[in-house]
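Asker: need coordinates for the below:
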Amino acid sequence: MNRLTIKELHVVNDMNKAMDKLSKLEDIEEEIGIDLITLFKALDNGVFEKDLIDNVFHTKIRGIEKNGLCAIWKGDIPECDYTLKYKDYGKTWALSEELLKED
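Answerer: Take a look at the predicted model:
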């Protein structure tokens, strides 16, 4: 039977750590219903949102909540004006205006 070298054992150990971390990140994405890349892009750049008559406008994001993004409507006030649900990504809000206009 072939034995692994010390270097190979470190590589296997590093791969196991990376897989464990990835698994935990995927669990978070599964729980909230959106991928973390989209979440952080929304926090950095804001989002585009569709109103009830299909007008699209840019919205600043104040922070995150368990069920969605805390959106700002009336300016930079510390409170959350309303929450954009994660599950509605691509339906009522998105990272780009074009994604909402494709419907």
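Asker: which SSE is the residue nearest the centre of the chain in?
Answerer: With distances taken as CA atoms, centre = their mean, residue 39 lies nearest the centre of the chain, 2.1 Å away. Element membership of residue 39, judged by DSSP states H and E, is helix 36-45.
Asker: name the residues that touch that helix?
Answerer: Contact partners of helix 36-45, identified using CB atoms under 8 Å, 6 or more residues apart in numbering, comprise 25, 28, 29, 32, 61, 63, 64, 69, 86, 89, 95. Every residue, glycine included, has its C-beta placed from N, CA and C.
Asker: quick one, domains of this protein?
Answerer: 1-32, 34-101 (automatic domain parsing).
Asker: right, so those: which one is the most enclosed?
Answerer: Among these, the stretch with the highest mean neighbour count (mean count of other CB atoms under 10 Å) is domain 34-101, at a mean of 15.
Asker: helices or strands up against the longest strand belonging to the chain?
Answerer: Secondary structure of the chain per DSSP state E: the longest strand is strand 56-64. With contacts taken as 3 or more CB pairs under 8 Å, 6 or more residues apart in numbering; DSSP states H and E, strand 56-64 sits against helix 36-45, strand 47-50, strand 68-72, helix 97-101.
Asker: turn these into a markdown table, including distance to residue 18 and mean pLDDT.
Answerer: Written out in a markdown table, the entries for these read as follows (distance: least, CB to CB, whole Å; pLDDT from 0 to 100):
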| stretch | distance to residue 18 | mean pLDDT |
| --- | --- | --- |
| helix 36-45 | 16 | 94 |
| strand 47-50 | 30 | 92 |
| strand 68-72 | 28 | 84 |
| helix 97-101 | 31 | 86 |
